[in-house]
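1. predicted model, plus sequence, below.
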Amino acid sequence: MKNNILIIKGIHKTYSKNKTKIKVIENLNLHVKSGDFISIQGKSGCGKSTLFNIISGIDKMDSGEIISCGISLRDSNEKTLSFYKNKKIGLVFQNHNLIDEFSVFENIILPKIIEGQDNLETIKQKALNLMKILEIDIRAEHYPSELSGGEAQRVAIARALINDPNIILCDEPTGNLDTTTAKTVESLLINTAKKFGKTLILVSHNPEFSNKADIKYELKDKALKRI
């Protein structure tokens, strides 16, 4: 029986705009089991990216509780949150967010260098293995400006996996890609997550990709509904 890797209990999030309080998330709940692929759909502006940012530790909830990978995001200090963001989750965004001045290899290993637990040779071998799996090993010494959109997203996926996270969290990962390349990246994300036994959480308004998930939700009226 699989354990819950992510538990969200009654979270709320409100923003202030021109002295007006805008509720984005209200009493939202979610349980995700280890190894599952879940998708969260919803129209633009419904709060998907806000939820993504809260789960990833980038933003804070106003109230409620999130236990992710055994860590309370509500009660954790900055040191624990930094550990969580670097080690427990791997992020893939719509924009690949690669560092232009770094090669493909350097971009991939950066989170591992920050972690500071392995020697350079071990890190190199892990990065090379990921690059081979994602078929970007021939691009190791190239720079982001020399990559296609699909290649850049493969690098972003490798970077997300380098620290062996429990959860891969994706925010519109194929949003900037053409249809053919998007389908390739979709397959890579799904198959790579399965190969490494990772929980995959997709936030997207792309129904074709979202509907491939084991469990599907819609963010509507500030809360999640299973579909």
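-> Looks like it arrived, so ask away.

2. use CA for all of it now, contacts and neighbours both
-> Fine.

3. any weak-confidence spans in this structure?
-> For the chain, the stretches flagged by pLDDT under 70 are 1.

4. again, only this time at 90
-> Along the chain, segments meeting pLDDT under 90 span 1-2, 16-20, 43-47, 94-96, 114-120, 174-178, 205-207.

5. just give me the residue right at the centre of it.
-> Taking C-alpha atoms, centre = their mean as the criterion, L169 is the residue nearest the geometric centre of the chain, at 1.9 Å.

6. contact partners of the helix or strand containing it?
-> Per DSSP states H and E, L169 falls inside strand 167-171. Residues from elsewhere that reach strand 167-171, judged by C-alpha atoms under 8 Å, 6 or more residues apart in numbering: 49, 52, 56, 88-94, 160-161, 193, 198-204.

7. same question for stretch 139-148.
-> Surrounding stretch 139-148, the residues in contact under the criterion C-alpha under 8 Å, 6+ apart are L98, I99, D100, E101, F102, S103, V104, F105, M131, A152.

8. quick check on those residues: which are buried?
-> With neighbours counted by 16 or more other C-alpha atoms under 10 Å, the contacts of stretch 139-148 contain buried members at L98, S103, V104, F105, M131, A152.

9. A strand includes K225, no?
-> Yes - judged by DSSP: H, G, I helix; E, B strand; the rest coil, K225 forms part of a strand.

10. surely K21 touches Y15?
-> Yes - K21 is within contact range of Y15, at 5.8 Å (criterion: C-alpha atoms under 8 Å).

11. and stretch 140-151, how far apart are its ends?
-> 11 Å (C-alpha to C-alpha, to the nearest Å).

12. go through that stretch and flag the buried ones.
-> A140, Y143, P144, G149, G150, E151.

13. I108: what's it in contact with?
-> Here I108 is in contact with A127, V155, A156, A158, R159, A160, I162 (C-alpha under 8 Å, 6+ apart).

14. picking that back up, tell me the one among the buried residues of stretch 140-151 nearest to E78.
-> Comparing the buried residues of stretch 140-151 against E78 with C-alpha to C-alpha places P144 closest, at 30.7 Å.

15. return the backbone torsion pair for the closest one.
-> Main-chain torsions, P144, degrees, to the nearest 10: phi -50, psi -40.

16. from E172, how far off is it?
-> Computed as C-alpha to C-alpha, the P144 to E172 distance reads 19 Å.
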